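*Asks:* what follows is a predicted protein model with its sequence.
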Amino acid sequence: MRVLLLADCCNPDWPSLPIVGYKYAKAIANYADVVVATQIRNQPNISRDGLGNAEVVYLDTEAIAAPISRLASLLRGGAQKAWTLQMAMDYPTYLAFEWYAWRTFKPQLERGEFDLVHRITPMTPTLPSPMASWSPVPFVLGPLNGNLPWPAAFTAELKREREWLSKLRQFYKVMPFHQSTYSRSSAILAAFDHTMADLPEESSAKVMNVPEVGIDPAVFSPTVRPKRDRLTILYAGRLVPYKLPEVVIRAMINSPQLQQHRLVMVGDGPERPRLEQLIAEHNLGHCVDLLGQKPQAEVGQLMREADIFAFPSIRELGAGVVVEAMACGMACVVVDYGGPATLIQGDRGVKVPLGTFDQLVDRFVVELEALVGNPDRVRELGQTAYHHAMTYYSWDAKARKTLELYDWVLGKTPTKPDFWEQPIQSQAFQEV
């Protein structure tokens with residue numbers, strides 16, 4: 001099977017969407033003859049690391065993309081805020097990318113040299129794909145993720161995130177190529193209920209629920225943790241308003257019991273000065289460490305060294321970092337909203353009800369105190385989380401399920417696959 005993957009964002013060094021696109025493309029290339037079309041900005045890092053078995057074609061759209069990117073950064077006030085505005089500014093840039101891809105691969109597509117085309121990035125439903133109409137072979141879209149409403153209790157954080165344009169988000173449905181993207185796609189991969197609720201109803205028969213997040217077991221894996229009296233709580237993520245890193249520090253401030261343990265915070269962003277001030281004002285230097293941003297390999301090591309993952313984000317679409325923590329055998333405490341609410345179910349973690357800021361602080365104090373006081377439960381939650389993560393979220397498992405979807409699209413199998421009927425990985429599970 002020969003597949004053309006469209007992956008505008010695809011980079012082994014860049015966090016969030018670019019590395020997700022890179023890992024997904026590399027995994028699919030283990031099972032199909034893959035050509036990846038990506039933007040030329042990714043060439044230095046991909047050339048250095050390779051992309052597994054995939055052939056890579058770089059498309060130079062910088063004449064359009066570079067000035068729009070500079071304008072978007074100016075309007076956003078930097079690269080950490082106003083993501084809805086960024087998506088709006090990406091519209092012409094992404095259309096240019098697909099036009100370049102069509103111009104480059106049109107002869108091969110028309111000669112039938114590809115069995116199908118699959119757009120894996122961008123993953124937002126707000127950016128359409130004209131290739132869905134142009135391609136003479138079946139077109140697969142996704143995984144998509146988006147459409148998670150901003151919680152009403154956090155208007156202050158919304159303002160600090162400069163998300164004023166979010167009120168106009170639904171306007172994307174009347175933009176050119178939106179309708180044809182969904183009507184002409186042969187299959188659509190969509191992550192979580194909040195995304196599937198945003199898709200056209202007439203597309204439901206061709207939608208497969210597939211979370212876009214995944215883990216690389218070579219980077220994120222468990223270890224046998226020694227029994228110890230002082231446990232480590234870890235936060236990993238950008239230090240931005242909607243992720244509420246302040247909640248975890250406030251929990252430490254309010255709990256003498258938690259101060260007997262250790263909080264490690266990995267990540268950087270505009271909230272860092274406020275957090276550093278809080279730590280200094282409350283003399284938490286003995287139990288709270290801000291480490292800044294770290295590469296994936298170091299994050300994986302820190303997760304193996306820690307015991308509990310505290311993640312109070314209140315608008316997390318996918319929460320790949322939670323899956324990574326699960327894969328490292330950590331007991332996760334998350335907010336019961338968005339992606340984390342789906343990832344953490346049953347006995348593989350703790351969900352805190354969505355409430356006001358102060359309510360979240362109080363609930364995190366309660367749950368974290370309960371965990372540090374019961375190390376056996378911490379280990380049990382981590383073990384169950386690890387099994388779940390390895391069953392469903394390894395890139396290999398996701399790639400094999402994607403190939404099942406390809407077979408259904410091409411008529412090789414009669415039944416649309418169900419992602420959640422994933423078989424257990426053949427590798428032996430470790431005790432954590």
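*Replies:* Cool, got the structure. Numbering: from 1, shown residues only.
*Asks:* domain ranges for the protein?
*Replies:* Following automatic domain parsing, one finds the domains of the chain at 2-214+395-421, 232-390.
*Asks:* CSV for these, including mean pLDDT, distance to Val224 and mean neighbour count?
*Replies:* Backbone N, C-alpha and C define where each C-beta goes, glycine included. As requested, the domains of the chain are exported to CSV (pLDDT from 0 to 100; distance: least, C-beta to C-beta, whole Å; neighbours: other C-beta atoms under 10 Å):
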stretch, mean pLDDT, distance to Val224, mean neighbour count
domain 2-214+395-421, 90, 24, 18
domain 232-390, 96, 9, 20
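*Asks:* for the ones you listed, which one sits closest to Thr223?
*Replies:* When the domains of the chain are compared by C-beta to C-beta, domain 232-390 sits nearest Thr223, at 4.4 Å.
*Asks:* may I have the distance across the closest one, first residue to last?
*Replies:* Using C-alpha to C-alpha, to the nearest Å, one end of domain 232-390 lies 23 Å from the other.
*Asks:* so Val140, which state does it fall into?
*Replies:* strand (DSSP: H, G, I helix; E, B strand; the rest coil).
*Asks:* what's across from it in the sheet?
*Replies:* His118, Ala187 (DSSP bridges).
*Asks:* residue contacts, it?
*Replies:* 116-119, 185-189, 405-406, 409 (C-beta atoms under 8 Å, 6 or more residues apart in numbering).
*Asks:* quick check: chain neighbours aside, which residue is closest to Cys328?
*Replies:* Nearest non-adjacent residue to Cys328, counting by C-beta to C-beta, 6 or more residues apart in numbering: Met303, 3.8 Å away.
*Asks:* my read is that that neighbour contacts Phe220, right?
*Replies:* Yes - if you go by C-beta atoms under 8 Å, Met303 and Phe220 touch, sitting 6.7 Å apart.
*Asks:* any shared contact partners between the two?
*Replies:* 324, 328.
*Asks:* before we move on, the earlier item: part of a helix, is the residue nearest to Cys328?
*Replies:* Yes - if the criterion is three-state DSSP, then Met303 is within a helix.
*Asks:* for the closest residue to Pro353 other than its chain neighbours, give me its contacts.
*Replies:* Using C-beta to C-beta, 6+ apart and skipping residues adjacent in sequence, the residue nearest Pro353 is Asp336, 5.4 Å away. When contacts are counted by C-beta under 8 Å, 6+ apart, Asp336 touches 351-354.
*Asks:* Pro241 now?
*Replies:* By C-beta under 8 Å, 6+ apart, the contact list for Pro241 reads 156-158, 160-161, 270-271.
*Asks:* next: Ser69.
*Replies:* Residues near Ser69 by C-beta under 8 Å, 6+ apart: 89, 93.
*Asks:* where does it land in three-state SS?
*Replies:* helix.
*Asks:* and the gap between it and Tyr392?
*Replies:* Distance, Ser69 to Tyr392, using C-beta to C-beta, to the nearest Å: 35 Å.
*Asks:* now do the helix or strand encompassing Asp362: which elements does it pack against?
*Replies:* Counting by DSSP states H and E, the element that carries Asp362 is helix 357-372. Judged by 3 or more C-beta pairs under 8 Å, 6 or more residues apart in numbering; DSSP states H and E, helix 357-372 is in contact with helix 245-254, strand 308-311, strand 331-335, strand 350-352, helix 375-392.
*Asks:* the third one pairs with which strands, and in what direction?
*Replies:* Looking at strand 331-335 with DSSP bridges, its paired strands and their directions are strand 308-311 (parallel), strand 350-352 (parallel).
*Asks:* in JSON lines: those, plus distance to Met208.
*Replies:* Output for these, formatted as JSON lines (distance: least, C-beta to C-beta, whole Å):
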{"stretch": "strand 308-311", "distance to Met208": "27"}
{"stretch": "strand 350-352", "distance to Met208": "25"}
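*Asks:* out of the ones you listed, nearest to Ala152?
*Replies:* Counting by C-beta to C-beta, Ala152 lies closest to strand 350-352 out of these; the figure is 17.2 Å.
*Asks:* quick one: contacts of the closest one?
*Replies:* Contacts of strand 350-352 (C-beta under 8 Å, 6+ apart): 312, 331-336, 340-341, 344, 360, 363-364, 367, 371, 381.
*Asks:* now do the end-to-end distance for stretch 301-318.
*Replies:* Length of stretch 301-318, first residue to last, C-alpha to C-alpha: 22 Å.
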